[in-house]
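J.: Sequence and predicted structure below; questions after.
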Amino acid sequence: MAFPPRRTLRSALAAGVSALLLAGLTPGVAAAEDPDPRIGLGAGWLDAASAISNLEHLAHVDKPPGFVNPANPGDFGFAGSDLAFTGHYAVMGNFNGFIVFDIADPSAPSVVAGVVCPGGQGDVSVHGDLLFMSVEESRGRVDCGTDPTVGVRFQGVRVFDISDITTPTQVAAVQLCRGSHTHSVVTDPDDPANVYVYVSGTAGVRPATTLAGCNNNPATGENPSRWRIDVIKVPVADPAAAAVVGGPRLFADPETGAIDGLQNTPPAPTHPSGMNWGPTPITDACHDITAYPALGLAAAACEGNGILIDISDPAHPVRLDEVADPNFAYWHSATLTNDGKKVIFTDEWGGGTAARCRPTDQASWGANAVFDIVDGDMEFRSYYKLPVPQTLTENCVAHNGSLIPVPGRDIMAQAWYQGGVSLVDYTDSAHPREIGYFDRGPISATGLVLGGMWSAYWYNGEIYGSEIARGLDVFGVKPSAHLTAAEIAAARQVRLPEFNAQHQTPITWAPSLAVARARFDQLARTCTTTITGRRAGPLVVSGVTCLDGATVNGPVAVRRGATLLAIDSTISGAVSASSAAAVHLYHSTVRGPVSVSGATGSVAVVDATVHGPVALSGNSTPGVEPVIAGSTVNGPLACSGNSPAPLDLGAANTVNGPATGQCAPLG
């Protein structure tokens with residue numbers, strides 16, 4: 001990376017915290033808007049009013065002909081459903097097939113293919129040159145025909161060859177007893193020749209006359225078609241050979257062996273709201289399963305329970321833990337954090353077709369439940385629900401989302417049907433908070449017409465929303481007090497060849513100026529002491545001490561476990577830190593030596609001038625490289641025993657003295 005001149009660099013790196021610098025180093029929570037601009041938005045199908053915060057609406061593309069009923073935008077037979085991504089394409093499922101968008105330019109997506117193939121729900125996933133599609137309705141035909149009165153019925157998972165994504169070709173169709181409401185791609189790190197598909201069938205059991213072996217037997221009967229998931233094995237080189245290889249009984253009671261061993265009756269006669277249950281939280285299937293093969297772990301939302309699953313042997317998953325909640329009407333989907341230490345479950349109270357974000361609805365109804373995963377067990381921490389009420393003509397409840405890859409934080413973009421898109425920070429699992437949103441007014445002001453965001457997923461720099469009645473939306477994330485330009489830039493550095501929300505892969509960040517600055521920005525939110533203007537020294541740093549445009553007349557010493565953050569500041573004396581948590585010097589001048597040893601968090605000297613030697617020794621900051629970049633050192637630069645070794649991130653330093661040890665390449 002080329003390193004810009006001092007002034008340019010300063011502007012580039014500081015842009016993300018311009019507002020932060022004006023208000024000091026500690027960004028506060030943005031002042032609540034009263035009233036919230038999402039309240040009272042004008043209605044309309046393609047011309048509804050909208051409200052947006054900390055996002056930029058980059059593009060919208062209407063659903064093309066064949067995937068919409070203009071006479072009834074909310075027609076379930078043409079509802080837009082889930083999204084998957086491969087290369088520079090987004091694939092949007094639809095109850096009548098799927099649509100392929102070219103998103104090479106996220107601000108100008110275009111439709112490049114539309115495959116009419118009725119059957120609902122139309123959820124899609126990708127794996128290499130293969131695309132999988134869920135079909136659960138009896139109108140589905142093996143040949144994708146549109147006349148449901150003729151042809152061979154199909155309910156299950158279709159497999160398409162998308163080596164030429166503009167002309168997908170069906171190469172397999174695996175029939176299942178309950179069809180496929182959703183499915184999840186599960187890879188085996190030890191077996192790249194095959195991919196597995198976990199199928200969640202929630203429809204009624206089809207008759208054996210349409211598929212041998214299907215039955216609606218009770219749990220005590222012979223091999224019932226309920227109380228299981230289906231596992232399909234797909235040879236990547238021969239997808240036509242895809243076949244069911246198992247039906248794991250993930251709900252079984254390990255002591256009695258009963259296959260209906262989880263929640264079989266609602267926790268109370270009625271929902272806590274006093275309404276009848278809808279859906280009913282009885283566990284005889286999973287709705288969504290999110291796999292994280294690199295961790296050998298999956299999280300599944302299974303109607304009446306949330307469960308954790310060991311998938312180290314993908315063909316034979318095993319339940320590890322389960323939870324229930326008297327507030328949950330329907331455990332719908334799950335998202336694991338990147339480190340696998342938290343899981344977020346959603347509750348689709350009302351089934352996605354009802355208004356469940358009314359002013360009278362509590363924050364624990366139709367919400368997310370956040371759990372920490374501790375020693376393999378799930379421990380409840382909090383609820384999160386869209387914080388603004390919606391109207392009675394808007395279907396609204398928690399729905400599908402994915403992580404935004406900001407290093408050091410757990411942030412998710414999430415769809416709420418006609419509640420729009422919400423950006424939620426779950427870094428503190430006990431206190432999640434909204435940090436951005438987009439919302440449209442209802443499709444109709446007089447009656448509930450099905451619509452809204454089915455999914456909101458981050459993919460390679462932007463957020464893509466699948467709007468049930470309207471089409472595809474694209475959003476960019478804007479810097480704010482909650483998310484700085486550096487944090488957004490670091491997230492945008494993560495590039496994936498493909499993405500399925502129900503198939504999580506480890507997110508890693510290559511060392512960069514943006515990643516280093518993101519750490520600074522995050523620490524700046526924790527300042528316990530902020531110093532501006534002139535200050536007589538010496539200064540002894542404890543807690544998290546932040547110098548913001550400060551001048552310290554004397555030396556600065558950082559105590560064990562403390563943090564020093566300096567930006568646009570001058571220190572007229574030495575800076576010394578022994579066993580500190582972190583030391584960051586940005587765009588600052590030190591008129592004396594800098595010595596940092598034994599740090600445990602992070603160290604950065606960026607675009608700084610030091611009138612004296614710089615020594616870094618024995619700093620142990622696993623996974624976080626010390627950074628000395630674009631700085632001038634008027635003296636020796638010596639580094640030894642640091643793990644990992646310091647980097648300049650391609651930004652050359654000027655060292656007026658010998659550069660030795662680990663820092664020899666940095667001078």
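T.: Structure received.

J.: State the mean pLDDT of the longest helix along the chain.
T.: In the chain, taking DSSP state H as the definition, the longest helix is helix 513-524. For helix 513-524, mean pLDDT rounds to 97.

J.: Ok, stretch 257-274 next?
T.: 97.

J.: Send over that stretch as PDB, restricted to the C-alpha atoms.
T.: The C-alpha coordinates for stretch 257-274 follow below in PDB (Å, rounded to 0.1, in the frame of the first residue of the first chain):
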ATOM      1  CA  GLY A 257     -34.500 -42.600  23.400                       C
ATOM      2  CA  ALA A 258     -37.800 -41.000  22.700                       C
ATOM      3  CA  ILE A 259     -37.400 -39.100  19.400                       C
ATOM      4  CA  ASP A 260     -39.600 -36.300  20.500                       C
ATOM      5  CA  GLY A 261     -37.400 -35.400  23.500                       C
ATOM      6  CA  LEU A 262     -37.600 -31.600  23.300                       C
ATOM      7  CA  GLN A 263     -40.600 -29.200  23.600                       C
ATOM      8  CA  ASN A 264     -43.800 -31.000  22.700                       C
ATOM      9  CA  THR A 265     -46.300 -28.600  24.300                       C
ATOM     10  CA  PRO A 266     -46.400 -24.800  24.400                       C
ATOM     11  CA  PRO A 267     -44.900 -23.400  27.700                       C
ATOM     12  CA  ALA A 268     -48.400 -21.900  28.500                       C
ATOM     13  CA  PRO A 269     -51.900 -22.100  27.100                       C
ATOM     14  CA  THR A 270     -51.500 -18.800  25.300                       C
ATOM     15  CA  HIS A 271     -48.600 -16.600  24.200                       C
ATOM     16  CA  PRO A 272     -47.400 -14.100  26.900                       C
ATOM     17  CA  SER A 273     -49.300 -11.400  24.900                       C
ATOM     18  CA  GLY A 274     -52.600 -13.200  25.700                       C
END
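
J.: Could you check how far Met133 is from Ala203?
T.: Met133 is 15 Å from Ala203, where distance means Cβ to Cβ, to the nearest Å. Using the backbone N, CA and C atoms, a C-beta is placed for each residue, glycine as well.

J.: actually Pro148, not the one I wrote
T.: For Pro148, the distance to Ala203 - Cβ to Cβ - is 15 Å.

J.: Which one's more surrounded, the two?
T.: The neighbour comparison of Pro148 against Ala203 (other Cβ atoms under 10 Å) goes to Ala203, with 19 against 14.

J.: where does that one land on pLDDT?
T.: 95.

J.: Ok, the one 4 residues further on next?
T.: Pro207 is assigned 95 on the pLDDT scale.

J.: what does Ala19 give?
T.: Predicted confidence (pLDDT) for Ala19: 33.

J.: Where does the residue positioned nearest the centre of the chain sit: helix, strand or coil?
T.: Centroid check for the chain by Cα atoms, centre = their mean gives Leu403 as the closest residue, at 1.2 Å. Using DSSP: H, G, I helix; E, B strand; the rest coil, the structure places Leu403 in strand.

J.: Find the nearest non-adjacent residue to it, please.
T.: Using Cβ to Cβ, 6 or more residues apart in numbering and skipping residues adjacent in sequence, the residue nearest Leu403 is Met412, 5.6 Å away.

J.: do Ala398 as well
T.: Excluding the flanking residues, the one nearest Ala398 by Cβ to Cβ, 6+ apart is Thr346, at 3.9 Å.

J.: which ones are touching the one you found?
T.: Applying Cβ atoms under 8 Å, 6 or more residues apart in numbering to Thr346 gives the contacts 301, 331-334, 367-368, 398-400, 414.

J.: so of those residues, which ones are in strands?
T.: Here DSSP state E is the test, and these give 301, 331-334, 368, 400, 414 as lying in strands.

J.: so what's the backbone phi/psi at the closest residue to Asn400 other than its chain neighbours?
T.: If the residues on either side of it in the chain are set aside, Asn400 comes closest to Ser455, at 4.2 Å by Cβ to Cβ, 6+ apart. With angles defined as degrees, to the nearest 10, Ser455 sits at phi -140, psi 150.

J.: So Ser455 is in contact with Asn500, correct?
T.: No - counting by Cβ atoms under 8 Å, Ser455 does not reach Asn500; the two are 11.0 Å apart.

J.: Now do the shared contacts for those two.
T.: Taking Cβ under 8 Å, 6+ apart as the contact rule, Ser455 and Asn500 have no neighbour in common.

J.: what angle sits between the longest strand anywhere in the chain and helix 513-524?
T.: Identified as the longest strand of the chain according to DSSP E is strand 544-553. On the basis of axes from the mean of the first three to the mean of the last three Cα atoms, to 10 degrees, strand 544-553 is oriented at 100 degrees to helix 513-524.

J.: and strand 544-553, which residues are buried?
T.: 544-552 (16 or more other Cβ atoms under 10 Å).

J.: By mean pLDDT, which helix or strand of this protein comes out lowest?
T.: Every helix and strand in the chain was compared by mean pLDDT, DSSP states H and E; the lowest is helix 18-22, with a mean of 32.

J.: For the residue nearest to Leu403, what is the enclosing helix or strand?
T.: Assigned by DSSP states H and E, Met412 belongs to strand 411-415.

J.: one step back: including neighbour count and distance to Thr532, could the ones in strands among the contacts of Thr346 go into TSV?
T.: As requested, the ones in strands among the contacts of Thr346 are exported to TSV (neighbours: other Cβ atoms under 10 Å; distance: Cβ to Cβ, whole Å):
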residue	neighbour count	distance to Thr532
Ala301	28	49
Trp331	29	50
His332	28	48
Ser333	27	46
Ala334	27	45
Asn368	26	39
Asn400	28	44
Gln414	28	38
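
J.: and Gly352, how far is that from Ser333?
T.: 11 Å.

J.: quick one: contacts of the longest strand of the chain?
T.: By Cβ under 8 Å, 6+ apart, strand 544-553 touches 21, 24-26, 523-524, 526-537, 539, 558, 562-573, 588.

J.: Got a PyMOL select line for the buried ones in these?
T.: Provided next is the PyMOL selection string for whichever of the contacts of strand 544-553 are buried by 16+ other Cβ under 10 Å:
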select buried, resi 24+25+26+523+524+527+530+531+535+537+539+558+562+563+564+565+566+567+568+569+570+571+572+573+588
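
J.: Just give me the neighbour total for the residue nearest to Leu403.
T.: 22.

J.: cool, the one 10 residues further on as well?
T.: One way to gauge burial is a neighbour count; for Ser422, by other Cβ under 10 Å, it gives 27.

J.: Report the contact partners of it.
T.: Applying Cβ under 8 Å, 6+ apart, the residues near Ser422 are 386, 413-414, 416, 434, 436-437.

J.: Tell me the one of the residues you listed nearest Leu450?
T.: Leu450 lies nearest to Trp416 out of those, by Cβ to Cβ, at 14.0 Å.

J.: So what pairs up with the closest one in the strands?
T.: Note on Trp416: beta-bridge partners Gln418, judged by DSSP bridges.

J.: What score does it have for pLDDT?
T.: For Trp416, pLDDT reads 98.

J.: who's in contact with it?
T.: 357, 386, 396-399, 422, 452-453.

J.: my read: Val111 touches Phe98, true?
T.: No - the criterion here is Cβ under 8 Å, and Val111 misses it with Phe98 at 11.2 Å.

J.: neighbour count winner among these two?
T.: Using other Cβ under 10 Å as the criterion, Val111 and Phe98 rank with Phe98 on top: 27 against 17.

J.: Do you know the pLDDT at that one?
T.: Model confidence at Phe98, given as pLDDT, is 98.

J.: And Gly561, how far from Pro538?
T.: Gly561 is 19 Å from Pro538, by Cβ to Cβ.
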